[in-house]
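> Below is the structure, and that's it, no one-letter string:
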């Protein structure tokens, strides 16, 4: 947070931890006129200032694109589709603005800003012939994309276990941070971690935990031991037990990490199903574990719906 002349100035919200997804928003604005003659002039293209639909549409497109220039906390983003349509009902013109992007944050404000600029343009063009014209409402009609598509109730019945693999922490010579961060992230999605343990970097112990816990929980996460040092054996112990490998999970995690630091390519994390349990191996560092959770959750949990027969 910045301080200018003793006053706190908020920074733009940090969205670097988010992943690009298709984001869609539809907003509406309502313009009401006071007489049928105004509607007739609009429909017959006889408004003195010009074709109200086309002028307002052009202004609305600029409004969508320029949102981040006039609203301080809106991030500049690639607007990849915008449609502006109209509906006339009696003395009311309803404006619909639909915006698409593939980005880290949504386009609700862009759609609403486009709708408001479209409505203001209509107001400006109509006021010479109708002193009773007014903008009645601007609202978000629909949005999709991102984590808001998921409800905490979707995952409340899933059982989770988190296992920290570390010689140092298991010997009491260090403090766990990654395991606690994973548990906190799961809690934010409405999931309770029923089993949390710290074990050494021991091949047999890790494999035994994978065998026993995969039969007891829906989600089993190991953190630590996914690198290249001699004691990094977590992935080696878990991989032979995986019955269905899900390579897309680790590809996504590594790509996400690689965009943030150049050494993510060295991670040997694995992911897949043992029975009906999803098993993930995550890096042991706090940063690595947190970034992997950000890359994968909550969308990775859709695997449980797929296993029950839901469509992708």
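Arrived safely, thanks for sending. Quick caveat: nothing in here was measured; it's all calculated off a predicted structure.

> Excluding chain neighbours, what is closest to residue 56?
When the adjacent residues along the chain are set aside, residue 56 lies closest to residue 121, with 4.2 Å between them (C-beta to C-beta, 6 or more residues apart in numbering). For the C-beta atoms, the positions are set from N, CA and C on the backbone; glycine is no exception.

> Check residue 18 too.
Skipping the residues right next to it in sequence, residue 18 comes nearest to residue 104 by C-beta to C-beta, 6+ apart, at 3.9 Å.

> and the residue nearest to residue 56, backbone torsions?
Phi and psi for residue 121, reported as degrees, to the nearest 10, are phi -60, psi -40.

> next one: residue 65
Backbone dihedrals for residue 65, given as degrees, to the nearest 10, come out at phi -70, psi -30.

> and it, how many neighbours?
Under the neighbour criterion other C-beta atoms under 10 Å, residue 65 is assigned a count of 17.

> shouldn't it be in contact with residue 80?
No. Residue 65 lies out of contact with residue 80 (C-beta atoms under 8 Å); the separation is 11.2 Å.

> Can you check which residues contact both of those two?
Counting by C-beta atoms under 8 Å, 6 or more residues apart in numbering, residue 65 and residue 80 have no shared contacts at all.

> give the contact list for the residue nearest to residue 56.
The neighbourhood of residue 121, defined by C-beta under 8 Å, 6+ apart, consists of 52, 55, 56, 59, 60.

> Just the pLDDT for it.
Per-residue confidence at residue 121 stands at 98 (pLDDT).

> rewinding a little: out of the contacts of residue 121, which is nearest to residue 88?
Sorting the contacts of residue 121 by how near they are to residue 88, with C-beta to C-beta, puts residue 52 at the top with 11.2 Å.

> Am I right that the closest one is in contact with residue 122?
Yes. Under the criterion of C-beta under 8 Å, residue 52 lies in contact with residue 122, with a separation of 5.8 Å.

> the more surrounded of those two?
Set side by side, residue 52 and residue 122 give different neighbour counts by other C-beta under 10 Å, the larger being at residue 122 (26 against 23).

> residues in contact with that one?
By C-beta under 8 Å, 6+ apart, the contact set of residue 122 is 31, 52, 56, 93, 95, 133.

> for residue 86, same thing?
53, 93, 94, 95, 96.

> Give me the three-state assignment for the last one.
Three-state assignment for residue 96 (DSSP: H, G, I helix; E, B strand; the rest coil): strand.

> For it, give the beta-bridge partners.
Beta-bridge partners of residue 96, counted by DSSP bridges, are residue 28, residue 85.

> what about it, distance to residue 27?
Counting by C-beta to C-beta, to the nearest Å, the gap between residue 96 and residue 27 amounts to 8 Å.

> Can you name the residues that contact the most centrally placed residue in the chain?
Nearest to the mean C-alpha position of the chain, by C-alpha atoms, centre = their mean, lies residue 146 at 2.7 Å. Under the criterion of C-beta under 8 Å, 6+ apart, the neighbours of residue 146 are 18, 21, 23, 105, 106.
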